[in-house]
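S.K.: Sequence first, predicted coordinates after that:
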Amino acid sequence: MYKGLPIFPLLLEFQFRPAKSHGFAIVGPALTLDTIVETLLIGIGTLTGVGKLEVLCTYACLSAIVNYFISVTFFPAILAIFYDLRQRSNEAEVVSEEKLQWQVMALKRMFSKQQPNPVVQRVKLIMAAGLMVVHAHCRWPASDKHQLPLKEENSTSNPFAPSEAAFEVESGPLKWVAVYAEQLVLLTLILALIVKFKFFEDRSEVEREMSFRAQVLLSPSDDSNVIGSPRLFSDIIYPRTRGFSISIGDGNSSDSESSIAETEEKETQTEKMEVVDEDSALKQPDEPRNILECVDLLRTKGSKYLSDSEILSLVKSKNIPGYQLEKALDDMERGVKIRRAILSETLPLKTALDSLPFTQYDYSKVLGACCENVIGYVPIPVGVAGPMLLDGKTVSIPMATTEGCLVASTNRGCRALLAGGGVRSSVEKDGMSRGPAVRMPNIQKASSLLHWIRDRDNFELLKSCFDSTSRFGRLQEVTGRLAGRYVFLRFVAKTGDAMGMNMVSKGTEMALQKLQEIYPEMEIISLSGNVCTDKKPSAINWINGRGKSVVCEAVIPGHVVTNVLKTSVADLVDLNVSKNFIGSAMAGSIGGYNAHAANIVTAIYIATGQDPAQNVGSSNCMTIMEPYGPEGRDLYMTVTMPSMEVGTIGGGTVLPAQSACLEMLGVKGPHPTNPGENACQLARVICAAVMAGEISLMAALAAGHLVKSHLTHNRSVINMAPSGSLPACLDKANLTTAGIPR
């Protein structure tokens, strides 16, 4: 009923008084009709014959009427007081034309939303008439033998109920008045409201007054200006019908026709002026507006009506959180641009971000998934190595890197492996792990917990809790170790085509809740107790594996080793033992029995949207080379990688460029029939690429070509001094005479 009232406090923000009277002209009739319908509808309760209900409904009707009179008398008076106080406090304030223009447009939209629906109004009128008929029929005595309605036993007397003496009046109309005197007062008031609504609500006077006052207040010299038009408020709020005019005169047809034509022309001009007014609202002022006005504009109309400098001021004043710029502005690229401007003010060099691109990027895939507080993106070159023959299928390997020679070296290894018949692979194990840390009251309870978990039936109970959290997460095993009264558990589960850290974490949390029901004294210290182990070197990942455990093998003929790799089988085998086994053991390496597996793993991880930090565990690798064949002239090579953490859905795999690289390998998204197959295939590709990179680098080291190749492919001439030449020891002639081919 009072949904229109909030419009009036908003009117205090405007600089012209006619707005208030026009607001009441719109809301007043609807408010009156609603009061009539409400009173008649509640009044039905006074016809039930139930004493308490009649009293309640009578008071409710009186309350509705009192509320109505307060709304149309006391409330406007308070608004007038506030308006006068505001005017006195802002007498010296100069209102800009842009501000007036914005206020008019806001007033137009505000009033248009408050316009009552004529269909609803007609339905309410019909309802009011019907309710009045019901009241008249029920309250007019049907016969002279009228009886009092039945009353509830032991009910309190109704103070508004008529006395029995009233029924002695036998005249029809007089009897009705005598019996229902208090209802007659109510109906008389309702009829008065209806008459007022129907015959005394004159909007034309209000419209003329508003037009006149608007002209006085705004009155620019140019009549073509939208704000200065004397028909501004009447045309905006109540637009006239185009092509229709009422002419009062001497009946001259030519004058009437010219009047109609003039009206049509004016209406066309009015329509055009309204369009111009809408467009002008998008124009931003030359000087930034104050904070309060900017906040109101952002809330009511959106960020497109604010300049970048105004948005900056809102961020600095904490009205827009800096980390929510994209959401607040509903324009992701503009949010990134403004964040860059804020950051640039704090940098030693203001132009530091000029070379960091940020345009023409789909930030919708980034926000909430890949990065926060975005200021741009870093383009990384992507090269391709291959083709690689893997398990009878040809694949091309995308590698994102800034290290020269890496793609070329891996490509040479692919060529050597292809000449030998390709690579065969096997995924030996698949399971992502999460290792929570819990604490028991004593070592007896800790030992009891471990024994309970090792029981097969108890494991099935934990598995059912774990598996209930995901469609693809399936618990494989739970192991644990004691350290005093601390228990370090390790949950291992299959996760489909996702890398699965979040999936396993959610399942582990549910399983721990079940454990706490059985062991209430168990204290969960952390969901991750570093026994997982994620993004840190660890022997447990090297021994037990994590993610995908992959093994690849290949046989490279001796002539390929000689012609393509420029070395011999014996030299490669000797170098592999000396470098990858003895050297790594001397360094105390864990999982580092390889030449440079991390190089290839990281390059493919970046290209395919994996987590680059997980190369710490994923690069665990052992490279083995052996003589092969009856005379040992060929080379048998294997690469074992027990803890490769990869996925083809989630994380950075949703980004367009990374998604394209996955599609290049044929493993984009989830596998349609066998969940987890795409992720396993990606692990096979990475392992085979590591093999290609290993054989190429080891061959370069064995032949002594490493320095020369890096001088050729990994030296940038941009940052080098223009003068100077190579040292004598690196001169091409000296390298040739030393036995190193050009």
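M.R.: The structure has been received and is ready for your questions. Model, not experiment: these values are computed from the prediction.
S.K.: Quick check: phi and psi at residue 384.
M.R.: Backbone geometry at residue 384, expressed as degrees, to the nearest 10, gives phi -130, psi 130.
S.K.: Could I get the pLDDT score of the closest residue to it other than its chain neighbours?
M.R.: Distances taken as Cβ to Cβ, 6 or more residues apart in numbering place residue 396 nearest to residue 384, at 5.2 Å, with adjacent residues excluded. Quick note: C-beta positions are derived from backbone N, CA and C, even for glycine. Note on residue 396: pLDDT of 97.
S.K.: same question, residue 714
M.R.: 63.
S.K.: Dihedrals phi and psi, residue 399?
M.R.: Residue 399 adopts backbone torsions of phi -140, psi 120, taken as degrees, to the nearest 10.
S.K.: and the residue nearest to residue 384, that one's in a strand?
M.R.: Yes: assessed with DSSP: H, G, I helix; E, B strand; the rest coil, residue 396 lies in a strand.
S.K.: List the contacts of it.
M.R.: Contact partners of residue 396, counting by Cβ atoms under 8 Å, 6 or more residues apart in numbering, are 384-388, 664-665.
S.K.: So which of those residues are in strands?
M.R.: 384-388 (DSSP state E).
S.K.: filter those to the buried ones?
M.R.: Buried subset of these (neighbour count, 16 or more other Cβ atoms under 10 Å): 384-388.
S.K.: show me where pLDDT drops low in the stretch 351-500 of the chain?
M.R.: For the stretch 351-500 of the chain, applying pLDDT under 70 flags no range at all.
S.K.: Where do the helices of it begin and end?
M.R.: Here the stretch 351-500 of the chain has its helices, by DSSP state H, counting those that start in this stretch, at 406-419, 443-454, 456-467.
S.K.: May I have the second one exported as PDB, CA atoms only?
M.R.: Spelled out, that is helix 443-454. These are the backbone C-alpha positions of helix 443-454, laid out as PDB (Å, rounded to 0.1, in the frame of the first residue of the first chain):
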ATOM      1  CA  ILE A 443      50.500 -42.400  22.200                       C
ATOM      2  CA  GLN A 444      48.100 -45.200  23.100                       C
ATOM      3  CA  LYS A 445      45.200 -43.300  21.500                       C
ATOM      4  CA  ALA A 446      47.400 -42.400  18.500                       C
ATOM      5  CA  SER A 447      48.300 -46.100  18.000                       C
ATOM      6  CA  SER A 448      44.700 -47.100  18.400                       C
ATOM      7  CA  LEU A 449      43.700 -44.600  15.700                       C
ATOM      8  CA  LEU A 450      46.200 -46.100  13.200                       C
ATOM      9  CA  HIS A 451      45.100 -49.600  13.900                       C
ATOM     10  CA  TRP A 452      41.500 -48.600  13.400                       C
ATOM     11  CA  ILE A 453      42.200 -47.100  10.000                       C
ATOM     12  CA  ARG A 454      44.100 -50.200   8.800                       C
END
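S.K.: Check which residues of that helix are buried.
M.R.: 446, 449-450, 453.
S.K.: that older thread, any chance of the ones in strands among the contacts of residue 396 in a markdown table, plus distance to residue 687?
M.R.: Shown next, in a markdown table, are the ones in strands among the contacts of residue 396 (distance: Cβ to Cβ, whole Å):
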| residue | distance to residue 687 |
| --- | --- |
| 384 | 18 |
| 385 | 14 |
| 386 | 14 |
| 387 | 16 |
| 388 | 11 |
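S.K.: Can you tell me which of the residues you listed is nearest residue 289?
M.R.: Comparing these against residue 289 with Cβ to Cβ places residue 384 closest, at 53.3 Å.
S.K.: which residues does that closest one contact?
M.R.: 396-399, 407, 411.
S.K.: what's the closest of these to residue 699?
M.R.: Closest to residue 699, out of all of those and judged by Cβ to Cβ, is residue 411, at 13.2 Å.
S.K.: Excluding covalently adjacent residues, which one is nearest to that closest one?
M.R.: Residue 411 sits nearest to residue 385 (Cβ to Cβ, 6+ apart), 4.3 Å away.
S.K.: mind listing what the one you found touches?
M.R.: 396-397, 399, 407, 410-411, 413-414, 689, 692.
S.K.: The same query, at a cut-off of 7 Å, please.
M.R.: 397, 399, 407, 410-411, 414, 689, 692 (Cβ atoms under 7 Å, 6 or more residues apart in numbering).
S.K.: just to revisit the earlier point, turn the contacts of residue 396 into CSV, including distance to residue 514.
M.R.: Output for the contacts of residue 396, formatted as CSV (distance: Cβ to Cβ, whole Å):
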residue, distance to residue 514
384, 49
385, 48
386, 48
387, 50
388, 46
664, 43
665, 39
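S.K.: and which of those residues is nearest residue 68?
M.R.: The closest of these, once distances to residue 68 are taken by Cβ to Cβ, is residue 664, at 72.4 Å.
S.K.: pretty sure that closest one is in contact with residue 397, am I right?
M.R.: No: contact criterion Cβ atoms under 7 Å: residue 664 and residue 397 do not qualify, at 8.7 Å.
S.K.: hmm, who's touching stretch 475-487?
M.R.: By Cβ under 7 Å, 6+ apart, stretch 475-487 touches 431, 437-443, 446-447, 449-450, 453, 459, 462-463, 466-467, 488-494, 507.
S.K.: Now the buried members of those residues.
M.R.: Of the contacts of stretch 475-487, these count as buried by 16+ other Cβ under 10 Å: 431, 437-440, 446, 449-450, 453, 462-463, 466-467, 488-494, 507.
S.K.: Correct me if wrong: residue 511 contacts residue 463.
M.R.: No: applying Cβ under 7 Å as the test, residue 511 and residue 463 come out as separate, 8.2 Å apart.
S.K.: Could you list the low-pLDDT ranges of the stretch 151-300 of the chain?
M.R.: 151-186, 193, 195-286.
S.K.: what about 80?
M.R.: 151-288 (pLDDT under 80).
S.K.: before we move on, what about the stretch 551-700 of the chain?
M.R.: Using pLDDT under 80, nothing in the stretch 551-700 of the chain is flagged.
S.K.: Could you pull up the contacting residues of residue 442?
M.R.: residue 485 are the contacts of residue 442 under Cβ under 7 Å, 6+ apart.
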